[in-house]
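Visitor: Here is my input; please provide its structure:
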Amino acid sequence: MLEQPLGASPASSLKITPRLMIGLGMVAVILLTQYGLIPLWNWQHAMVRQDVSLKAAVARKKGLIGQEQVIEKALEQATAYRKELILRFETDIIETQTLQLVYQKQVEELAKTLQIKIINVDWLPATRGDVMRAPIKFRLESTPEQFIKLVNAIETAPKFRSIDGIRLTTRAKSPTVTVELDISAYGISKKP
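Guide: Presented below is the predicted three-dimensional model:
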């Protein structure tokens with residue numbers, strides 16, 4: 001056993017050498033770096049990233065708030081246009097055959113008013129869905145002037161109609177023309 005002088009404590013007898021001091025200092029620096037500086041550095045970078053993403057989100061939301069009035073105005077215009085468009089279609093018809101019959105009668109009345117002779121009427125295959133298309137083929141005999149009036153009346157009618165095809169046949173020295181006219185009426189399907 002080592003002998004200690006009287007009155008000397010065991011701690012005072014230990015001498016810290018410069019090597020030991022440097023070693024303890026390096027351990028302290030490593031511990032401070034590992035558990036102090038690196039987490040602080042990572043935390044700062046996480047905060048900076050979060051701050052940048054929050055600023056970007058705020059900028060996007062400010063941009064949307066500015067566009068909100070433009071979007072509402074466009075929605076109002078689209079709604080008004082849709083209502084106006086629906087008025088151009090037949091809306092109280094359930095079947096395409098009913099639509100074809102109604103439209104055939106309308107064209108027959110118009111032809112009678114314009115003194116156009118209807119030779120034949122054929123119903124073409126109709127399409128059904130949310131918007132119904134009911135095509136009809138008319139074979140007519142008329143003067144060119146009366147036929148132009150008929151086409152004008154069809155095209156300017158309040159309900160939406162389309163002329164899908166026109167075939168004219170003339171005879172030498174005849175004041176009339178024979179016309180094959182493909183017309184489609186459109187309706188919005190009313191669910192039964």
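Visitor: hang on, residue 121 in a strand?
Guide: Yes: counting by DSSP: H, G, I helix; E, B strand; the rest coil, residue 121 is part of a strand.
Visitor: Spell out which helix or strand contains residue 108, please.
Guide: Assigning secondary structure by DSSP states H and E places residue 108 in helix 96-113.
Visitor: So residue 172 belongs to a strand, correct?
Guide: No: membership of residue 172 in a strand is not supported by three-state DSSP, which gives coil.
Visitor: Contact partners for it?
Guide: By C-beta atoms under 8 Å, 6 or more residues apart in numbering, no residues touch residue 172. Heads up, the C-betas are built off the backbone N, CA and C, glycines and all.
Visitor: elements contacting the helix holding residue 108?
Guide: When contacts are defined as 3 or more C-beta pairs under 8 Å, 6 or more residues apart in numbering; DSSP states H and E, helix 96-113 sits against strand 117-123, strand 131-142, helix 144-155, strand 177-188.
Visitor: Which residue ranges make up the domains of this protein?
Guide: 15-87, 96-188 (automatic domain parsing).
Visitor: out of the ones you listed, deepest packed?
Guide: Greatest average neighbour count among the domains of the chain goes to domain 96-188 (a mean of 15), per mean count of other C-beta atoms under 10 Å.
Visitor: That one: how far from the chain's middle?
Guide: 35 Å (C-alpha atoms, centre = their mean, to the nearest Å).
Visitor: Next, the angle from the biggest helix by length in the chain to strand 177-188.
Guide: In the chain, taking DSSP state H as the definition, the longest helix is helix 38-87. On the basis of axes from the mean of the first three to the mean of the last three C-alpha atoms, to 10 degrees, helix 38-87 is oriented at 130 degrees to strand 177-188.
Visitor: So what's the gap between helix 38-87 and the chain middle?
Guide: In terms of C-alpha atoms, centre = their mean, the gap separating the centre of helix 38-87 from the centre of its chain is 18 Å.
Visitor: Let's test this: name the helix or strand in this structure with the lowest mean pLDDT.
Guide: Ranking every helix and strand in the chain by mean pLDDT, DSSP states H and E puts helix 10-13 at the bottom, with a mean of 55.
Visitor: Please consider this matter closed, and thank you.
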